[in-house]
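Colleague: Here is a sequence with its predicted model. Questions after.
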Amino acid sequence: MFTSTVPPLGSPMAYFETTIATRADTSAAFRYLADFSNAASWDPSVPSAARLDEGPLEAGAEFRVDLGLGLGGRTVPIHYTLERADPDRLLVFRADEPWFRSLDTIELTPRSGGTEIRYDADLRLGGLSFLLDPLIHVGFQFTGERSADGLRRALDALPRTAEPANATPPGS
């Protein structure tokens, strides 16, 4: 299950926020989401993504995400940096390109039977490109819903760890 909210279409940016309930435990979900190269597995607008550095997945990790434009297979490479990583709780990814800025904030909350994930994506076009914001916003809502569904499915497919014996059953 997921829900999403968006600002009014008159907003000066493309924005998408969704909340996803997943069966994945919080630690597994955090590890999966911290590796932003996994976006190619769940976001249909990302045909490929790769980690650009090595070492622990922590603040400073860098990724290349190829964003599909839907124009004959054309893509645009976007450089993302993991700006903040609070284990099992919060991830913030930032992209600062000359024509485009993105801030993706992912909050994880443990819940009985899994994790609730709030994903907030804020995109801003630079220069005169901001005039395209209303069109980008509409397209972002469509791809955002598809991405949220793909993310939920990818997270639900992660191996589960054993539940603690005192866990509250879902719906209690």
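Modeller: Received, thanks.
Colleague: pLDDT weak spots in this protein?
Modeller: Residue ranges of the chain with pLDDT under 70: 1-14, 70-71, 126-145, 161-172.
Colleague: The same query, at a cut-off of 50, please.
Modeller: 1-12, 128, 135, 137-140, 164-170, 172 (pLDDT under 50).
Colleague: ok, which stretches of it are strands?
Modeller: In the chain, the segments counted as strands under DSSP state E are 2-5, 14-22, 48-51, 62-68, 75-86, 90-97, 100-111, 114-125.
Colleague: Residue 156: which of those strands is closest?
Modeller: Proximity to residue 156, assessed across those by C-beta to C-beta, is greatest for strand 14-22 (5.5 Å). C-beta here means a position set from N, CA and C on the backbone, and glycine is covered the same way.
Colleague: Which positions within that closest one qualify as buried?
Modeller: Within strand 14-22, the residues that count as buried by 16 or more other C-beta atoms under 10 Å are 14, 15, 16, 17, 18, 19, 20, 21, 22.
Colleague: ok, now how distant is residue 49 from residue 25?
Modeller: 24 Å (C-beta to C-beta, to the nearest Å).
Colleague: Residue 63 too?
Modeller: On the measure of C-beta to C-beta, residue 63 and residue 25 end up 24 Å apart.
Colleague: same thing with residue 45?
Modeller: Taking C-beta to C-beta, one finds residue 45 at 27 Å from residue 25.
Colleague: Residue 68 contacts residue 43, correct?
Modeller: No. Applying C-beta atoms under 8 Å, one finds residue 68 not in contact with residue 43, separated by 9.3 Å.
Colleague: Would you mind telling me which of these two has the busier surroundings?
Modeller: Legend: neighbour count by other C-beta atoms under 10 Å for residue 68 and residue 43, higher for residue 43 (21 against 16).
Colleague: Quick check: chain neighbours aside, which residue is closest to that one?
Modeller: residue 147 (4.3 Å; C-beta to C-beta, 6 or more residues apart in numbering).
Colleague: show me the contacts for the one you found.
Modeller: 42, 43, 44, 45 (C-beta atoms under 8 Å, 6 or more residues apart in numbering).
Colleague: my guess is residue 49 meets residue 35, correct?
Modeller: No. Using C-beta under 8 Å, residue 49 is not in contact with residue 35, being 9.2 Å away.
Colleague: The two: which has the busier surroundings?
Modeller: Between residue 49 and residue 35, counted using other C-beta under 10 Å, the more crowded position is residue 49 (21 against 15).
Colleague: Spit out the contact partners of the more buried one.
Modeller: Neighbours of residue 49 in contact, by C-beta under 8 Å, 6+ apart: 36, 37, 38, 39, 40, 63, 64, 65, 66.
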